[in-house]
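Chemist: Generate coordinates for the sequence data below:
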Amino acid sequence: MSEILVINGPNLNMLGRREPEIYGRLTLSDIEKITQSHAAKIGMKCTFFQSNIEGEIVTAIQSVKDKYDGAIINAGAYTHYSYALRDAIALTDKPFVEVHMSNVFGREDFRHKSVLSAVCSGVICGFGENVYTLAADALASIINPDKVEV
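Modeler: Purely as a prediction, here's the structure:
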């Protein structure tokens with residue numbers, strides 16, 4: 001069974017209370033349960049991690065190299081300026097899917113740029129909590145391309 005890590009950055013621990021008109025009413029714990037259930041259906045195990053601290057997120061990303069087959073990352077605001085996260089992703093040599101619950105291209109200009117995208121396999125944004133299950137499907141197709149049903 002493939003194992004993936006789902007990494008969540010700053011303020012994502014406030015989902016359900018933070019701007020529900022943008023991010024919805026589900027908590028990160030709700031999204032974790034939904035994503036883990038979906039991952040199990042497609043033959044994957046997923047572990048969730050969240051931190052508001054950049055260095056802790058770097059350490060989590062580095063753990064992917066030896067412990068996981070790939071990762072989903074919602075780096076929150078760090079997406080737009082953290083070269084430390086970018087470099088950590090690049091050194092893992094594992095597939096990462098960048099996700100954003102909101103459509104970042106329909107929001108403030110500073111959200112239009114990601115320093116992480118270039119080192120990720122792909123980006124999914126704008127589909128609310130569904131970005132996590134969509135990213136799990138994408139990772140499954142990358143990690144086990146012969147097992148994915150079309």
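Chemist: Any idea how many residues pack against Gly18?
Modeler: Not quite, residue 18 is Arg, not Gly. Summarising burial for Arg18: neighbours were counted as other CB atoms under 10 Å, giving 12. Bear in mind the C-beta positions are built from the backbone N, C-alpha and C, glycine included.
Chemist: need the helix or strand of the chain with the lowest average pLDDT.
Modeler: With mean pLDDT, DSSP states H and E as the measure, the helix or strand of the chain carrying the lowest mean pLDDT is helix 20-23 (a mean of 85).
Chemist: Tell me which residues of the helix or strand following it come out buried.
Modeler: Under the assignment DSSP states H and E, the closest C-terminal helix or strand after helix 20-23 is helix 28-41. For helix 28-41, burial by neighbour count (16 or more other CB atoms under 10 Å) applies to 28, 31-32, 35-36, 38-39.
Chemist: For helix 28-41, give me every contacting residue.
Modeler: For helix 28-41, the external contacting residues (CB atoms under 8 Å, 6 or more residues apart in numbering) are 4, 6, 8, 12-13, 15-16, 26, 45-46, 48, 50, 129, 132-133, 136.
Chemist: Let's verify the one residue sitting closest to the centre of the chain: helix, strand, or coil?
Modeler: Ranked by distance to the mean C-alpha position of the chain (CA atoms, centre = their mean), the top residue is Ile73 at 2.4 Å. Under DSSP: H, G, I helix; E, B strand; the rest coil, Ile73 falls in the strand class.
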